[in-house]
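Participant: Need the 3D shape of this:
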Amino acid sequence: MRRFFDTNVLVYLFDASAPRKKARAQELLRQAANAGLALLSTQVLQEFFVAVTRKLSAPLPHEQAERAVRNLAKLPVEQVDAETILKAIETMRRYQLSFWDSVIVQAALHGGATLLYTEDLNDGQVIETLVVENPFQS
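Facilitator: Model (predicted):
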């Protein structure tokens with residue numbers, strides 16, 4: 001079962017202000033990567049860099065953020081192309097999602113993921129063959 005990691009989950013890898021979420025994100029990514037099941041997208045890598053350098057309470061220096069992106073880019077990464085964008089527009093309409101969440105969903109589906117780790121959608125929601133899981137929900 002391939003697992004797609006949304007940006008918000010990966011940002012917690014570097015969020016010292018949320019130690020429980022940081023530990024959970026590290027555990028999930030380590031397990032998925034070791035099993036060859038982790039999946040990201042070009043959108044996630046872009047959003048990740050911006051988020052960790054601007055939105056954390058202690059933002060990362062650009063050099064450290066770049067190293068993190070380089071390491072994450074070693075995992076399988078789905079390219080967001082024109083076809084993905086057009087399918088995302090359909091998904092947005094059909095499931096009443098934001099455009100950006102729809103692009104994430106389509107990248108996950110295109111990459112063969114059946115599980116999407118995110119805080120942005122409803123835990124347990126099913127979109128086509130993709131199950132949404134908020135890994136921080138207690």
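Participant: Surely Glu119 touches Val132?
Facilitator: No - using Cβ atoms under 8 Å, Glu119 makes no contact with Val132, being 9.9 Å away. In short, each C-beta sits where N, CA and C put it, glycine included.
Participant: So for the two, which sits in the more crowded spot?
Facilitator: More neighbours surround Val132 than the other of Glu119 and Val132, with 22 against 17 (other Cβ atoms under 10 Å).
Participant: For my notes, confirm that one occurs in a strand.
Facilitator: Yes - judged by DSSP: H, G, I helix; E, B strand; the rest coil, Val132 forms part of a strand.
Participant: in the chain, which spans are helices?
Facilitator: 7-11, 19-34, 42-54, 62-72, 82-95, 99-110 (DSSP state H).
Participant: so which of the ones you listed gets nearest Asp123?
Facilitator: Asp123 sits nearest to helix 7-11 of all the helices of the chain, at 12.7 Å, using Cβ to Cβ.
Participant: Mind checking the pLDDT average for the closest one?
Facilitator: Mean per-residue pLDDT for helix 7-11: 98.
Participant: how about the helices of the chain in a markdown table, adding distance to Gln125 and mean neighbour count?
Facilitator: Output for the helices of the chain, formatted as a markdown table (distance: least, Cβ to Cβ, whole Å; neighbours: other Cβ atoms under 10 Å):
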| stretch | distance to Gln125 | mean neighbour count |
| --- | --- | --- |
| helix 7-11 | 15 | 23 |
| helix 19-34 | 18 | 15 |
| helix 42-54 | 19 | 18 |
| helix 62-72 | 25 | 14 |
| helix 82-95 | 8 | 15 |
| helix 99-110 | 10 | 23 |
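Participant: quick one: pLDDT of Ser138?
Facilitator: For Ser138, the pLDDT comes out at 66.
Participant: mind listing what the nearest residue to Pro59 once chain neighbours are set aside touches?
Facilitator: Using Cβ to Cβ, 6 or more residues apart in numbering and skipping residues adjacent in sequence, the residue nearest Pro59 is Thr53, 5.3 Å away. Counting by Cβ atoms under 8 Å, 6 or more residues apart in numbering, Thr53 makes contact with 59-62, 65.
Participant: at 7 Å instead, please
Facilitator: Residues near Thr53 by Cβ atoms under 7 Å, 6 or more residues apart in numbering: 59-60, 62, 65.
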